[in-house]
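# Here is my input; please provide its structure:
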Amino acid sequence: MTGDISLLIVDDHPVVRDGLRGMFASAPGFTVLGEASDGVEAVERAVALDPDVILMDLRMPGGGGVDAIRELTRRAARAKVLVLTTYDTDSDTLPAIEAGATGYLLKDAPRDELFTAVRAAAEGRTVLSPAVASRLVSAVRSPKAPANEPLSAREREVLTLVARGTSNREIARELFISEATVKTHLTHLYAKLGVNDRAAAVATAYQRGILG
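A predicted model of the protein is given here:
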């Protein structure tokens, strides 16, 4: 992309916001358009300012990051959301990515890594800290949802498109969700069907009468 990458910084701690603003203001190629102190304000500011990338904290009084990401996805906001938080537990990472976050970094990430992540997010590429990436891999390899659990309506939609040979990108475009969300739905439906890949999911779904 050409020109500076515009940013919205969302964090409930003023010191953190000031630090991030100063960091990006001193680096070429970035412009900070504004700040927000909670998820509700983040959505309002994102709609008003239309940034390229939103740096989003997760746990904030007055409105959390996951709800904000979900609302921005619902509104089809142009901005890519890069989660920047101190938390890397499954209860934080998976909902954020499922909600539509493009990337997930921890606040102890080195300065250059953060710059690189923002550039990648602006281009629509997924960015995950090593700790978060390993958790997601574990979630895919060792799904915890019990087999035979009914599929949700959205999981059925994704599975139907998979059966037609539709790619993740095409599924995301057709259902107006992010590719990361498509992958999360696939992880969940694989777990519910007790399979590990697309072909097995489709075969099992036909076998069980889920796909007619």
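# show me the contacts for Tyr104.
Leu82, Val83, Thr85, Thr93, Ala96, Ile97, Val127, Leu128, Ser129, Val132 (C-beta atoms under 8 Å, 6 or more residues apart in numbering). The C-beta positions use only the backbone N, C-alpha and C, and glycine is treated the same way.
# does it count as helix, strand or coil?
strand (DSSP: H, G, I helix; E, B strand; the rest coil).
# next one: the one 10 residues further on
Using three-state DSSP, the three-state assignment for Leu114 comes out as helix.
# Give me the distance between it and Thr126.
From Leu114 over to Thr126 the distance is 15 Å, taken as C-beta to C-beta, to the nearest Å.
# more crowded one of those two?
More crowded of Leu114 and Thr126, by other C-beta atoms under 10 Å: Leu114, with 20 against 17.
# wait, isn't the more buried one in contact with Lys107?
No - Leu114 lies out of contact with Lys107 (C-beta atoms under 8 Å); the separation is 9.2 Å.
# shared neighbours of those two, which are they?
Shared contacts of Leu114 and Lys107, defined by C-beta under 8 Å, 6+ apart, comprise Leu84.
# in stretch 35-52, what counts as buried?
Neighbour-count burial for stretch 35-52, counted by 16 or more other C-beta atoms under 10 Å, picks out 35-43, 45-46, 51-52.
# Just to be sure, which of those residues are found in helices?
Gly39, Val40, Glu41, Ala42, Val43, Arg45, Ala46 (DSSP state H).
# would Val32 count as being in a helix?
No - counting by three-state DSSP, Val32 is located in no helix; its state is strand.
# residue ranges with poor pLDDT in the protein?
By pLDDT under 70, the low-scoring segments of the chain are 1-2, 88, 90-91, 134-148, 212.
# residue contacts, Thr166?
Going by C-beta under 8 Å, 6+ apart, Thr166 touches Glu174.
# Kindly report the same for Glu35.
Listed by C-beta under 8 Å, 6+ apart, the contact set of Glu35 reads Leu8, Ile9, Val10, Asp11, Arg17, Arg21, Arg45.
# what helix or strand does the second one sit in?
Ile9 is part of strand 5-10 when elements are defined by DSSP states H and E.
# Quick one: distance of stretch 180-199 to the chain centre.
16 Å (C-alpha atoms, centre = their mean, to the nearest Å).
# Cool, thanks, signing off.
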